[in-house]
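Participant: Quick one: sequence and predicted model below, then my questions.
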Amino acid sequence: MTRTVFVILLLTVVTATGSAAGTESGSATEVGKEVPDADAGMVVSGLGDSFIHFIYPHMMTYIRDTFYDAVESRAVTQRLTDFFENQLDQEVLSTYPVILAYHGATKTLLAKHGRNPFARLSNLRSGLQTLDEATDRSPGEFEIRFLRFSVLHHLPSFLGYGDQLDEDTQAVFELLVNQEQFQHMDVQMACNLMEFIIESGRLDDSQQKEMIQLHEKLKAHESLSSD
């Protein structure tokens, strides 16, 4: 499965479910406002805490949608970087670890789209450091773990991030196996997510077997539900 397909899967899961991220720092409630156009940008600076809490679902939709576009676009990556660094109140980053995680993941996209090898390595390390900070602040946040896993899974082993990858693999596995995440996604999404984990080759034999069994159980449940 390609990186692009993986990101599509991630965004589909978290957007359709109201997102595990919405539970961070007060479980922001979805409100029926139009989501800002990613091309128009979004300025979130100098706003009160209560208003930021109110627009949080829209802000996350904007970030996720723009991040998806940024995966294949250097220009959109740069625009999202500008949003995080120049338009977003830094207090928001300190309040919402999941937003901090997307900031870190966006830095790794700068590395992906960059041309200068030294700048690429610098952006990658900076992005992973930011992702580490977000993970340390909210280690049980599924979306954060999945973001970091998606980055680390595609890195060559010689860069030396194997310990973090193993940690995220274990965390994502446990979060899926305890099935709490299934409350936030439909069966097909859960099956797709498990297929990615299974195909990643990151699980050990015991975990792989357990994940396959759970996947088959969910697929059977989905088949019965559709009859």
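Facilitator: On my side now, so go ahead.
Participant: so what's the most centrally placed residue in the chain up against?
Facilitator: Closest to where the C-alpha atoms of the chain average out (CA atoms, centre = their mean) is Leu147, at 3.6 Å. Leu147 makes contact with Leu10, Ala101, Tyr102, Gly104, Ala105, Leu131 under the criterion CB atoms under 8 Å, 6 or more residues apart in numbering. For the C-beta atoms, the positions are set from N, CA and C on the backbone; glycine is no exception.
Participant: Recalculate using a threshold of 7 Å.
Facilitator: Going by CB atoms under 7 Å, 6 or more residues apart in numbering, Leu147 touches Ala101, Tyr102, Ala105, Leu131.
Participant: so how many other residues sit close to His221?
Facilitator: By other CB atoms under 10 Å, the residues close to His221 number 13.
Participant: swap that for Ser138, sorry
Facilitator: 21.
Participant: again, but for Ser150
Facilitator: Neighbours of Ser150 using other CB under 10 Å come to 20.
Participant: Return the set of buried residues in stretch 75-84.
Facilitator: Val76, Thr77, Arg79, Leu80, Thr81, Phe83, Phe84 (16 or more other CB atoms under 10 Å).
Participant: my guess is the last one meets Lys107, correct?
Facilitator: Which is Phe84. No. Phe84 is not in contact with Lys107 according to CB atoms under 7 Å; the separation is 8.6 Å.
Participant: lowest average confidence, helix or strand, in the chain?
Facilitator: Taking mean pLDDT, DSSP states H and E as the measure, the helices and strands of the chain show their lowest mean at helix 3-16, namely a mean of 46.
Participant: Would you tell me what the next helix or strand after that one is?
Facilitator: Proceeding N to C from helix 3-16, the next assigned helix or strand is helix 49-70, under DSSP states H and E.
Participant: Check the offset of the next helix or strand after that following helix from the chain's centre.
Facilitator: On the C-terminal side of helix 49-70, the closest following helix or strand by DSSP H and E is helix 74-82. The chain centroid and the centroid of helix 74-82 are separated by 17 Å under CA atoms, centre = their mean, to the nearest Å.
Participant: Next: stretch 132-140.
Facilitator: On CA atoms, centre = their mean, the centre of stretch 132-140 falls 12 Å from the chain's centre.
Participant: who touches the closest residue to Asp168 other than its chain neighbours in this structure?
Facilitator: Distances taken as CB to CB, 6 or more residues apart in numbering put Phe149 closest to Asp168, at 4.1 Å, once the chain neighbours are dropped. Listed by CB under 7 Å, 6+ apart, the contact set of Phe149 reads Asp168, Thr169, Val172.
Participant: Wait, a strand at the second one?
Facilitator: No. Counting by DSSP: H, G, I helix; E, B strand; the rest coil, one finds Thr169 to be helix, located in no strand.
Participant: Report pLDDT for it.
Facilitator: Per-residue confidence (pLDDT) for Thr169: 94.
Participant: number of nearby residues for it?
Facilitator: With other CB under 10 Å as criterion, Thr169 counts 20.
Participant: for Met211, same thing?
Facilitator: 18.
Participant: Also Lys217?
Facilitator: Lys217: 11 neighbours (other CB under 10 Å).
Participant: Equivalent analysis for Phe118, please.
Facilitator: Phe118: 8 neighbours (other CB under 10 Å).
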